[in-house]
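Asks: output the structure for:
(chains A and B)
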Amino acid sequence: MSTSRQVCTFILDGYLIGLNTQDVREVLRSQDMTRVPLAPTAVSGLINLRGEIVIAIDLRLRLELDPRTGDHLPMNVVVTNNGVTVSLLVDEIGDVIDVSEDTYEPAPEHLEGVWHDLIYGTYKLEDRLLLMLDLAETIDLADTTGRETTAVANTIAQPHCGDNP
Amino acid sequence: MAEQDNPLEGMEEIIEEFLAESAEGLDQMDNDLVALEADPDNRELLANIFRTIHSIKGTCGFFGFSRLESVSHAGENLLSRLRGGELALTQEIATVLLNLVDAIREMLATIESTSTDGDNVYADLVETLTNLTNSPADSADNTTDQAESPTAKPPVAQGETVPQTSTNAQQSPPDIPEQAESHHDPTTSRGTLSAADSAIRVDVDVLDNLMNLVGELVLARNQILAHQVTQQDPLFTSACQRLNLITGELQQDVIKTRMQPINTIWNKFPRVVRDLAKHCGKQVRIEMEGKETELDKSLIEAMKDPLTHLIRNAVDHGIEPPDERIAKGKSAEGRVSLTAQHGGGQVIIEIADDGAGINVEQLREKAIALGMITTTQAPQMQDRDICRLIFAPGMTTAKTVTNISGRGVGMDVVRANLERIGGFIELESARDRGSKFRIQLPLTLAIVPALLVRSRNEHFAIPQGSILELIRIETGAPGSGIESIHEVPVFRLRGMLLPLIYLHEELKLGDVHPSDEILNIVVLQADKKKFGLVVDTIEDSTEIVVKPLSDILKALPVYAGATITGSGHVALILDVLGLAKHAKLLSETHEPSSDIDASSSQQDNEDCQPLIIASTLDGGRIAIPVESVVRLEEFKRAFLEHTGNRTVVQYGREILPLIELTELLRERRRKPRPIANHHKSANEVVHALIYAVDGCSVGVVVDRIQDIVEHNPSTRGPPTRKGTLGTIVVNGKITEVFDVAALRREVTALHKQPKCAAGAGGG
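Replies: As a prediction, the model looks like this:
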């Protein structure tokens, strides 16, 4: 008997990336953005989310991918982690899918740099890999890289996966 | 704990209510006891105290808090004898009863956190209470022997309760706010018995949320009003007007719900003063005026520690021991007075004592010993400026460190805490007459008036509180605009040089410049330092709702928060102090001395003038009166030309002779060295101060312009070399004062040799 969990997916530069559904508050179209001069590069700006001021982090820049080009407007995935609400800018929103825990594997050890810190594991879907994003690390822009944090995130994430029906 | 939990299950709310009411009762009891000590025959106060203890005892018996019950029972017994007139209140009894209050408070705190009344049975306290209860009745005679107690009365605290003839001291309406919560217990609110019908307790979180929602409503209203302008529909217009009015009123009222009388914190002080005075062997009474003055709750919380610190300081350092006071011809009893009042949209709080005042000489010596000021600076400083040094880190005036105060971590923290909430503190002190601290605070922090500005298409809000004035200048006309000192732009504002910073440069907003001829300068004040902020446009003055920035951006000191504008966009709020620091206009080390320079300039304006502090090629520092200089110019070294042994540069239609400043300072030479012989490369710029002498211009070349300060140029030391008037101390460094008259003589002499350089077109 295998357990499964619900994952909210989105597409970023051709990658399929997932977040726990319970971390995702809502999904919005492109919003008006106020730039924050002097802020870390990954901070795209501030958006007005019905009166709440929320920081938008461009996930492409956070994951050190190429910047978005052309007229393509990013989508906002509004997430909450430890009481902090952040909007993640992604290319496209995917489906909410059920994934089986049988197909889970931790991220390969030789992932480098920021990917090593932010991607904690994968689900092997039939046609492609679903990369699971470590939310706490993603929104921590102080850049505390290190193996320990990823390892801790892994151990937290795994039993947590099992809990889900 | 688990076993205890069961019988109390379902009673959490009642217990919470009990805790809240008891906490209020105990706060009142503190004050009543201190008042009673001064007026031992006041039956009314005694009755109140008795009732408080009695009701605590009764209720905790009901809940099964047996330890608390036995402690309060012992207290009740003693109070019962006092009430019966069998015993008179002595200072000893008062102290024990105050200890009882503390013990009950501790137990209540234990109940709050663990739902049990803990393991401490307070055996010593109970024994003392019992002993006192059983002491012979004749101790009533002691009353008159208590030298301290009759004088240690706080007349105001006494005044609150004495006039009440009713048995319930809490009935009179002005007293109701005084029942207001202890800060330990956020669930409590004002009013207990008689107030219960007209007041309810509201969770502070609910109020905070309400405040946020009203903030949103105000923004939505602004958006609708902006939209309404484009609409013709009269129905819509009238609905908008109603919405506008109602929103405004709602905002006012919600702000009011968060307002609390300052007495919420003040009511702790009679006890603090009494205990402290007793501990130091002093006699102090506390007077309070304006205790009903209301402030936003968040400010009240933030004020608590700074005020307590100031009160403690006043008693510990300010008020002298009784014998010393009598020797000085003052009454043995010292006075600490607190006043609060509204004024000009602000709250003004004063803490005054009639003690020894600040020993300026001692402070001066201490400041020198601590290296805050130099021995040369010290004698020049006014007493007022010296006094201000007590707000500097590491300063203490106490001769010895006591466990109460004097560790030198205090006044700087007080000042920092007050500044954090937008407040301001100043000090007046007179030797042997006392000290007075004056604090100014805003009424509320959540909604502030602000100016919206734009720089490179980004909107920013600047709190009005730090804005001094707005200036709009046309840069087209030469001579009227911005001048530059070593790439640092300055603007002459009524004879003073105002350092300028460009917002788009500070925030690296990029250079898509709309090539405007018009410059908007917002003159800002950051911690005694004035500076001009250049923005592209000045838009609107409006009330903004301050929203904190996410922790992710907390590391950026230039922003104080963010807000949502009428159009629904997010605008960042600039932190003026942070911006000044970011632009290096304020540095940590520079601050104290520039403070002093700036403040002394305010006092003896006529003596002070702006001085350019320049460094010379030989490494010296020289002060040049700004007034004497016509313009400041920079020339590329490549443009310097030589005619004969003189260096000149084409300057407009003139030919400008340049003289190295160091040349003027040496033994006068007949043949000055050409400037370009120095080691610098052709692309580098030379800085020249342009003087007009005999109708011709002459440029005095300096190595670097370091600073512009307000200072008194009257010399303190003798001239060190030719061309100087003497030496002064600026920012703690010896600086020579330039002799402008000597320059004029020199230049005139030069002119006479061949001919006026400018006129002859290069000789």
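Asks: ok, now how distant is the residue most central in space within chain A from residue B:240?
Replies: Against the mean C-alpha coordinate of chain A, by Cα atoms, centre = their mean, the closest residue is residue A:133 at 4.3 Å. To residue B:240, residue A:133 is 45 Å away according to Cβ to Cβ, to the nearest Å. C-beta coordinates here come from the backbone N, C-alpha and C atoms, glycine included.
Asks: how about residue B:549?
Replies: Per Cβ to Cβ, residue B:549 is found 32 Å from residue B:240.
Asks: so where's chain A shaky on pLDDT?
Replies: Within chain A, the stretches with pLDDT under 70 are A:1-2, A:143-165.
Asks: all helices for it, in order.
Replies: In chain A, the helices defined using DSSP state H lie at A:59-62, A:113-118, A:135-139, A:147-163.
Asks: which residues of the stretch 101-250 of chain B lie near chain A?
Replies: Within the stretch 101-250 of chain B, the positions adjacent to chain A are B:212, B:215, B:216, B:219 by Cβ under 8 Å from any Cβ of the partner chain.
Asks: report the longest helix in chain B, please.
Replies: Ranked by residue count, the top helix of chain B under DSSP H comes out as helix B:12-38.
Asks: so where's the stretch 251-400 of chain B uncertain?
Replies: Using pLDDT under 70, the stretch 251-400 of chain B drops low at B:343-345, B:393-400.
Asks: which SSE is the residue of it found nearest chain A in?
Replies: Closest to chain A within the stretch 251-400 of chain B is residue B:251: 14.7 Å, counting by Cβ to the nearest Cβ. Element membership of residue B:251 [criterion: DSSP states H and E] is helix B:234-257.
Asks: so which bits of the helix or strand following that helix are buried?
Replies: Later in the chain than helix B:234-257, the nearest helix or strand by DSSP H and E is strand B:259-261. Residues of strand B:259-261 classed as buried by neighbour count (16 or more other Cβ atoms under 10 Å in any protein chain shown): B:260, B:261.
Asks: sheet-wise, list the partners of strand B:259-261 with their directions.
Replies: In the sheet, strand B:259-261 lines up against strand B:294-296 (antiparallel) (DSSP bridges).
Asks: what parts of chain A come near chain B?
Replies: So chain A meets chain B at A:32, A:34-40, A:43, A:45-48, A:50-51, A:53-55, A:84-86, A:139, A:141-142 (Cβ under 8 Å from any Cβ).
Asks: still on that earlier bit, for residue B:313, see how far away the residue nearest to the centre of chain A is.
Replies: Taking Cβ to Cβ, one finds residue A:133 at 54 Å from residue B:313.
Asks: likewise residue B:642?
Replies: 67 Å.
Asks: do residue B:692 as well
Replies: Distance, residue B:692 to residue B:313, by Cβ to Cβ: 55 Å.
Asks: the two: which has the busier surroundings?
Replies: The neighbour comparison of residue B:692 against residue B:313 (other Cβ atoms under 10 Å in any protein chain shown) goes to residue B:313, with 26 against 14.
Asks: helices and strands around the helix or strand harbouring the more buried one, which ones?
Replies: Using DSSP H and E, residue B:313 falls within helix B:297-313. Here helix B:297-313 touches strand B:259-261, helix B:263-266, helix B:269-280, strand B:346-353, helix B:411-420, strand B:434-442, going by 3 or more Cβ pairs under 8 Å, 6 or more residues apart in numbering or on different chains; DSSP states H and E.
Asks: who wins for proximity to residue B:534 among those?
Replies: helix B:411-420 (25.7 Å; Cβ to Cβ).
Asks: relative to helix B:297-313, how tilted is that closest one?
Replies: 160 degrees (axes from the mean of the first three to the mean of the last three Cα atoms, to 10 degrees).
Asks: tell me, how many residues neighbour residue B:349?
Replies: For residue B:349, the count of nearby residues is 26 (other Cβ under 10 Å).
Asks: my guess is it contacts residue B:436. True?
Replies: No. Between residue B:349 and residue B:436 there is no contact under Cβ atoms under 8 Å: 11.0 Å.
Asks: check for me that residue B:60 belongs to a helix.
Replies: Yes. According to DSSP: H, G, I helix; E, B strand; the rest coil, residue B:60 belongs to a helix.
Asks: tell me the residue of the stretch 601-750 of chain B that sits nearest chain A?
Replies: Evaluated by Cβ to the nearest Cβ, the stretch 601-750 of chain B has residue B:707 as its residue closest to chain A, separated by 25.9 Å.
Asks: what count of nearby residues applies to that residue?
Replies: 19.
Asks: could I get the contacting residues of it?
Replies: B:612, B:613, B:730, B:731 (Cβ atoms under 8 Å, 6 or more residues apart in numbering or on different chains).
Asks: contacts only, for the first one.
Replies: Just to be clear, that refers to residue B:612. Contacts of residue B:612 by Cβ under 8 Å, 6+ apart are B:485, B:623, B:624, B:625, B:626, B:629, B:689, B:705, B:707, B:708.
Asks: let me have those in TSV, extended by pLDDT and secondary structure.
Replies: Output for the contacts of residue B:612, formatted as TSV (pLDDT from 0 to 100; DSSP: H, G, I helix; E, B strand; the rest coil):
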residue	pLDDT	secondary structure
B:485	77	strand
B:623	85	strand
B:624	83	strand
B:625	78	strand
B:626	73	helix
B:629	73	coil
B:689	80	strand
B:705	75	strand
B:707	73	strand
B:708	70	strand
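Asks: filter the residues you listed to the buried ones?
Replies: B:485, B:623, B:624, B:626, B:629, B:689, B:705, B:707, B:708.
Asks: can you report how many residues neighbour the residue of chain A found nearest chain B?
Replies: Relative to chain B, the nearest point of chain A is residue A:37 (3.5 Å; Cβ to the nearest Cβ). Neighbourhood size, residue A:37 [other Cβ under 10 Å]: 20.
Asks: where does it fall, phi/psi-wise?
Replies: Backbone torsions of residue A:37, given as degrees, to the nearest 10, read phi -60, psi 150.
Asks: pretty sure it is touching residue B:459, no?
Replies: No. Look at residue A:37 against residue B:459 with Cβ under 8 Å: they stay out of range, at 11.8 Å.
Asks: could you report the distance from the residue of the stretch 601-750 of chain B closest to chain A to residue B:585?
Replies: Residue B:707 is 11 Å from residue B:585, by Cβ to Cβ.
Asks: which parts of chain B sit against chain A?
Replies: By Cβ under 8 Å from any Cβ, the residues of chain B that approach chain A are B:212, B:215-216, B:219, B:458-459, B:507-509, B:547, B:549-553, B:555-556, B:558-559, B:562, B:564, B:568-572.
Asks: in helices only, show me these.
Replies: B:212, B:215, B:216, B:219.
Asks: redo the residues you listed as CSV? Include neighbour count and pLDDT.
Replies: Listed next are these as CSV, based on neighbours: other Cβ atoms under 10 Å in any protein chain shown; pLDDT from 0 to 100:
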residue, neighbour count, pLDDT
B:212, 16, 78
B:215, 22, 78
B:216, 15, 78
B:219, 21, 76
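Asks: which one of these is nearest chain A?
Replies: For these, the nearest to chain A is residue B:216 (4.1 Å; Cβ to the nearest Cβ).
Asks: how about the closest one, what does it touch?
Replies: Per Cβ under 8 Å, 6+ apart, neighbours of residue B:216: A:50, A:51, B:545.
Asks: how far away is the closest residue in space to the last one that isn't next to it in sequence from residue A:45?
Replies: When you say that, I think you mean residue B:545. Counting by Cβ to Cβ, 6 or more residues apart in numbering or on different chains, residue B:545 lies nearest to residue B:215, which is 3.7 Å off, once chain neighbours are set aside. Separation of residue B:215 from residue A:45 (Cβ to Cβ) stands at 21 Å.
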